[in-house]
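Student: Following is a predicted model, sequence given first.
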Amino acid sequence: MKASHEVASVPLTDAEIVAVGRRVLRLEGQAVSRLARTLGLEFAEAVRRLAACRGRVIVSGVGKSGIIGKKLAGTLTSVGIPSLFLHPVEALHGDLGLVTPDDIVVLLSYSGETPELLRLLEWLHRLGVPSIAITRSRDVALARYSQVVLAVGLLQEASPDGILPTTSTTVMLSLCDALAVAVMRCKGITEAVLSRLHPAGSIGRKLLRVAQVMHTGDDVPRVPLGTPLVRAVREMTQKGFGCTAVVDAADRVVGIYTDGDLRRTLERHGSVEGLTIDAVMTPHPKTVRPDDLAVDALRLMEKFKITALIVVNEEGRLEGLVHIHDLWRLQMF
């Protein structure tokens, strides 16, 4: 005998299953596109208020909207905007003490009639805390008592019964991402800030600077102009990078000599005896700066099919060398 919560499965063909997936993606994609076309000045007002907030951004919601709210709070925090998620029930049982008049609260509810949020909103008014509502329309209770309203419109849920939050949560998530990115732009949050806040993980790797991965000092192969080629080859062999930088008397990089250049030299001359580095080096090599992104250095190597880049400062003086193997070890792909 089946348990009361069990339901009979429906046999579907592969084509029918794919059709279900396509319908969901089509409905949700169309809803996001519609919102993008209708987004108006209320969005700009919300972004300006969030960017100007002197305290923290407090985000609240119940159920699936609460999950979206946690994502918004996490995204804002990750870019240096102090934010936290506050469950409305916990807020009404003591956690309201976290909120100050310097804060701003973002309330998420597609129905706009969630009792817990409406009670929280009443207390926010008493405390003089401004609120932004993300909801279905401007006619719902949550919208009537909020300073800024971002209405996503009436949406067709993608679930078979049209009840399970699907399209609405996707649209609200997209709108929250749009808010976060726009606030970042307004506050001038740069890659340097993100690098400090994301020292680990894939974001951290993408924001690494060349200075953080390059070889420096005596590890860097270098020879001055006029060096006998046999000595330059010895420098390449000892340092193990398959190349050497060529510098002038002021330590400015004027050329590079690589394993590939050595093979071409032997094909042309048959020997390295009697040759100097000046005659066979490649002048004006590809270089990067210490502050360049390491991922951009990797792209440059891939574009020109080279395995190492010389690092120079603004005056063109040798600072270091970055090798493709160092970037591979960081799993930057």
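Tutor: Nice, thanks for sending it over.
Student: State the phi and psi torsions of residue 217.
Tutor: Its backbone dihedrals place residue 217 at phi 60, psi -140, with angles given as degrees, to the nearest 10.
Student: Kindly report the same for residue 254.
Tutor: When read as degrees, to the nearest 10, the backbone of residue 254 gives phi -120, psi -10.
Student: what do you get for residue 230?
Tutor: phi -60, psi -40.
Student: Next one: the closest residue to it other than its chain neighbours from residue 228, what distance?
Tutor: Of all residues not flanking residue 230 in the chain, residue 272 sits nearest, at 5.1 Å (Cβ to Cβ, 6 or more residues apart in numbering). For the C-beta atoms, the positions are set from N, CA and C on the backbone; glycine is no exception. When Cβ to Cβ, to the nearest Å is applied, the distance between residue 272 and residue 228 equals 8 Å.
Student: Tell me where this protein has helices.
Tutor: In chain order, the chain shows helices spanning 14-38, 41-52, 63-78, 88-91, 115-127, 141-144, 167-187, 191-197, 201-206, 229-239, 259-269, 277-280, 294-304, 324-329, with DSSP state H as the criterion.
Student: Could you find the closest non-adjacent residue to residue 96?
Tutor: For residue 96, the nearest residue in space outside its immediate sequence neighbours is residue 123; the separation is 6.0 Å by Cβ to Cβ, 6+ apart.
Student: Now do the same contact list for that neighbour.
Tutor: If you count contacts by Cβ atoms under 8 Å, 6 or more residues apart in numbering, residue 123 has them with 91-92, 96.
Student: Any idea how many residues pack against the residue nearest to residue 24 when sequence neighbours are not counted?
Tutor: Here the nearest residue to residue 24 in space, its sequence neighbours aside, is residue 158; by Cβ to Cβ, 6+ apart that works out to 4.2 Å. Look at residue 158: counted by other Cβ atoms under 10 Å, it has 21 neighbours.
Student: surely residue 158 meets residue 20?
Tutor: No: here residue 158 lies out of contact with residue 20, judged by Cβ atoms under 8 Å, at a distance of 9.2 Å.
Student: just checking, residue 35 touches residue 155?
Tutor: No: Residue 35 is not in contact with residue 155 according to Cβ under 8 Å; the separation is 9.2 Å.
Student: Looking at those two, which has the bigger crowd around it?
Tutor: A side-by-side neighbour count of residue 35 and residue 155, using other Cβ under 10 Å, places residue 155 first with 23 against 20.
Student: where's residue 156 relative to residue 168, distance?
Tutor: 9 Å.
Student: If you count surrounding residues, which of those two has more?
Tutor: residue 168 (25 against 13).
Student: Contacts only, for the more buried one.
Tutor: 110, 136, 152, 155, 157.
Student: Show the pLDDT at the second one.
Tutor: Looking back up the chat, that one is residue 136. Residue 136 is assigned 96 on the pLDDT scale.
Student: Can you give me the neighbour number for it?
Tutor: Other residues near residue 136 number 21, with proximity taken as other Cβ under 10 Å.
Student: how far away is it from residue 153?
Tutor: Where residue 153 is concerned, residue 136 sits at a distance of 7 Å (Cβ to Cβ).
Student: out of everything not next to it in sequence, what's closest to residue 128?
Tutor: The spatially closest residue to residue 128, leaving aside those adjacent along the chain, is residue 101, at 4.8 Å (Cβ to Cβ, 6+ apart).
Student: and that neighbour, how many neighbours?
Tutor: Burial of residue 101 is recorded as 12 neighbouring residues (other Cβ under 10 Å).
Student: I'd say it and residue 126 touch.
Tutor: No: counting by Cβ under 8 Å, residue 101 stays clear of residue 126, with 10.8 Å between them.
Student: residues touching the residue nearest to residue 162 when sequence neighbours are not counted, list them.
Tutor: For residue 162, ignoring the flanking residues on the chain, the nearest one in space by Cβ to Cβ, 6+ apart is residue 156 at 6.8 Å. Residue 156 is in contact with 27, 31, 162, 167, counting by Cβ under 8 Å, 6+ apart.
Student: Which two of those residues have the greatest separation?
Tutor: Using Cβ to Cβ, the contacts of residue 156 span at most 13.3 Å, a distance reached by 31 and 162.
Student: For the two, work out which one has more neighbours and name it.
Tutor: Set side by side, residue 31 and residue 162 show unequal neighbour counts under other Cβ under 10 Å, the larger going to residue 31 at 22 against 11.
Student: Isn't the more buried one up against residue 154?
Tutor: No: with contact defined as Cβ under 8 Å, residue 31 and residue 154 do not form a contacting pair (10.0 Å).
Student: circling back to that earlier point, any idea how far the residue nearest to residue 24 is from residue 136?
Tutor: 16 Å.
Student: Over to residue 145?
Tutor: Applying Cβ to Cβ, one obtains 15 Å for the distance of residue 145 from residue 136.
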